[in-house]
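1. Build me a structure from this.
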Amino acid sequence: MPEIIGKLDQKHFDAFNSCDVDTLFTLFAEDVEFFHDLNGRILNREQFIQAVRKNICGKVHRRALPGTMEVFPMAKIGAIQMGQHCFAETDKSDCIQRARYYILWRFDGANWRIAKVFSYDHRPMTGG
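-> As a prediction, the model looks like this:
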């Protein structure tokens, strides 16, 4: 299962960083809940896509911090992924902020979808 989630996570990062909202749309469940320690709660996929367009596209990109991803199976649900990531301004390499995240990936027997996200512990970062 970690290999599956790892590939999905890379697809998620790539879509996020390239502002590929069509791919993000396929990865996120319609009823996704996204909890962010600085910006509050998003209640569905459409709100999430709007927030990405407004706050992310052309402004920052997201990068996984190596060695921080863990995946745990959840019987009859899917899997929980946890890790750390950092954010850099578009076209710059040094991260300016880092954070932790939990993602609940829901598996319906055919597709994996992001159902819940907790993004927290955002703090400034130098270098990276």
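
2. What segments of this structure are helices?
-> Using DSSP state H, the helices of the chain run over 2-18, 21-27, 45-55.

3. I'd like to know which of these lies nearest to Gly109.
-> helix 2-18 (13.7 Å; Cβ to Cβ). For every residue, glycine as well, the C-beta is placed using N, CA and C.

4. same for the closest one, what does it pack against?
-> The contact analysis (3 or more Cβ pairs under 8 Å, 6 or more residues apart in numbering; DSSP states H and E) places helix 2-18 against helix 21-27, strand 60-64, strand 70-74, strand 78-89, strand 95-107, strand 112-124.

5. Next, format the ones you listed as TSV and append mean pLDDT and mean neighbour count.
-> Below are the helices and strands packed on helix 2-18 laid out as TSV (pLDDT from 0 to 100; neighbours: other Cβ atoms under 10 Å):
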stretch	mean pLDDT	mean neighbour count
helix 21-27	97	15
strand 60-64	94	18
strand 70-74	97	13
strand 78-89	97	18
strand 95-107	97	19
strand 112-124	97	16
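
6. Next, format these as CSV and append distance to Gln50.
-> Below are the helices and strands packed on helix 2-18 laid out as CSV (distance: least, Cβ to Cβ, whole Å):
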stretch, distance to Gln50
helix 21-27, 10
strand 60-64, 16
strand 70-74, 28
strand 78-89, 19
strand 95-107, 20
strand 112-124, 15
